[in-house]
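**Q** Return atomic coordinates for the entry below.
(2 chains)
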Amino acid sequence: MSPRRRPSPDEDDLVDAPLLEDAERAEAAWLLARDKDPDAAPPSAEIARRYAEIEDLLANLSPHVAHQDWQDEVSRVATAAAPPALPWWNHPAFRWACGGGLVAAAALLLVLYPRPRDELEVAIRTGHKTGDDDRPRGDAKAFVGDHLVITARPKASGDLRVYRADGKLVGRCPDGPGCRSHPGDDYTIDVMLDAPLQYRVFLVIGMANASATGTMDVYLDAARAAHARVVSPPPIDVE
Amino acid sequence: MEDGSSTDGATIGSDELPRAEIQRGSTRPRARSCVDPVAEQATLGALRAGRRHEALKILMTAYSGAITAFTIRTLRNREAAKDVHQLVFLEAFQGIHKFEQRSSLWRWLCGIAYHRCLDELKRGRRMSVAGDFDVWDELAAPPDSMMEGDRVAKRRALEKCLSVLSNAMRMQVMMRCFFGLSFVEIGETIGEPHGTVQVRVSRILPRLQRCLLGEGIAR
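**A** Below you'll find the predicted structure:
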């Protein structure tokens, strides 16, 4: 960064002025060189001694003794000019402490009360190979041969089902095809998408004695009749 | 602006160097440092504790002599120098909460002193040519009666030679040799490349040398 340019207080600048004589030129050149290399050879030992003396005198200029009470004067003016002290609740330290406390409390809440996981998660696992990444629903299209993996975490007794567009029940939890869960745990259904049709997923909560058979429409009518809560992600189109 | 780094051999805090070098006959530049490390630490400690008035008092006690020496030689007017001297510390008090410790407090004060002197010179008020002789005589007076007559005569001649320099020359040679600032620090303070300052000071000293010779000194 280049330094700020301030106007010189007067015009007598020696930087561009011609040197008066060879001796002065030699001395100036030596002084300049000496700043970079302290061992730069002076024009003569006598000249070096003279400059040492001048610099010693300059370094020890006599201070001017100020009048006795000047410090009190400055302190008095400083006090008068100083802004009034901040009340304790507006003090920067207090405000920082409050801010820090709020941040700490928020962090503690996050630790103690982690964000609840989604009630229903739908992912598509590509192909037939095991170990492939599960893609969240919506990231890509599904193709015949992919696997639909659904995890449900109903807060009450729930019934998780996967229907094909032709009405066929292809997965059900608990106690149904594709279910990998035990009663009391999260429900997980893993079904292979075996036809280029639309698949629908339903999590029905609060419907007792749901029929294990029947088409999708019959099942949904029964859920509505029982005033059950139905959670359903967007349909999955399989190509 | 607070950069205390030095690239030219006049590092702040090396005030023990000149005496040792004189004894060995080296030609190393003799720029003393006015930095008072104890006062600097005490001031910063007071600031951290929120005691700004105490910090101001420490600064005034440690550095007022040098700042006054600078302002009175720059302005050549006792009243103006006194006002600027007080203004320097008042401004330091008002701005000290913004001090970022990128340099010493001393270096920071030097910058304030330079700019306030410059302001006063630009205003051009209260400049009294007639009062110059009185001020220079006073400055050259020995601080104690034990000082050798030869030394007193040299001081008096130096003060006279300083007085014939232009304001800018006088300020810069004092910032270098009396304040002990590096060329980089002076350049940053006055807003010029440090190389320009370096060349300028290397030409001021021969002028002073010849002036002293003319006064019958430095032979």
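
**Q** Pull the distance from stretch A:144-154 to the chain's centre.
**A** Using CA atoms, centre = their mean, to the nearest Å, the distance from the centre of stretch A:144-154 to the centre of the chain it belongs to is 32 Å.

**Q** give the contact list for the residue nearest to the spatial centre of chain B.
**A** Centrality entry for chain B: nearest residue to the mean C-alpha point is residue B:179, 3.7 Å, by CA atoms, centre = their mean. For residue B:179, the contact set (CB atoms under 8 Å, 6 or more residues apart in numbering or on different chains) comprises B:34, B:66, B:70, B:106, B:110. C-betas here are computed from N, CA, C, even on glycine.

**Q** What's the local residue count around the third one?
**A** Put plainly, it is residue B:70. By other CB atoms under 10 Å in any protein chain shown, the residues close to residue B:70 number 29.

**Q** Am I right that it falls within a helix?
**A** Yes - counting by DSSP: H, G, I helix; E, B strand; the rest coil, residue B:70 is located in a helix.

**Q** hang on, isn't residue A:235 packed against residue A:216?
**A** No - with contact defined as CB atoms under 8 Å, residue A:235 does not count as touching residue A:216 (11.1 Å).

**Q** quick one, which of the two is more surrounded?
**A** Each of residue A:235 and residue A:216 has its neighbours counted (other CB under 10 Å); residue A:216 has more, 18 against 13.

**Q** neighbours around the nearest residue to that one once chain neighbours are set aside, how many?
**A** Distances taken as CB to CB, 6 or more residues apart in numbering or on different chains put residue A:163 closest to residue A:216, at 3.9 Å, once the chain neighbours are dropped. A count of neighbours around residue A:163, defined by other CB under 10 Å, yields 23.

**Q** How about residue A:168?
**A** Counted with other CB under 10 Å, the neighbours of residue A:168 add up to 12.

**Q** List the contacts of it.
**A** Contacts of residue A:168 by CB under 8 Å, 6+ apart are residue A:215.

**Q** What separation is there between it and chain B?
**A** For residue A:168, the distance to chain B equals 74 Å [CB to the nearest CB, to the nearest Å].

**Q** thinking again about what came up before, sort out which one of the contacts of residue B:179 lies nearest chain A for me.
**A** Within those, proximity to chain A (CB to the nearest CB) peaks at residue B:66, which comes in at 6.3 Å.

**Q** Could you verify that that closest one is part of a strand?
**A** No - counting by three-state DSSP, residue B:66 is not part of a strand but helix.

**Q** Need the pLDDT of it.
**A** The per-residue pLDDT reported for residue B:66 equals 90.

**Q** Skipping adjacent residues, who's closest to it in space?
**A** residue B:34 is the one closest to residue B:66 (CB to CB, 6+ apart), at 4.7 Å.

**Q** what two of the contacts of residue B:179 have the greatest distance between them?
**A** B:70 and B:106 (11.8 Å; CB to CB).

**Q** before we move on, back to that, can you classify the residue nearest to residue A:216 as helix, strand or coil?
**A** strand.

**Q** Go ahead and confirm it touches residue A:214.
**A** No - when contacts are counted by CB under 8 Å, residue A:163 is not listed as touching residue A:214 (10.2 Å).

**Q** shared neighbours, these two?
**A** Joint contacts of residue A:163 and residue A:214 (CB under 8 Å, 6+ apart) are residue A:169.

**Q** so where's chain B uncertain?
**A** Residues of chain B meeting the criterion pLDDT under 70: B:1-33, B:125-148, B:218-219.

**Q** In it, what residue spans correspond to helices?
**A** Along chain B, counting by DSSP state H, helices occupy B:17-24, B:37-48, B:52-75, B:78-95, B:105-123, B:132-140, B:149-164, B:167-177, B:183-190, B:194-214.
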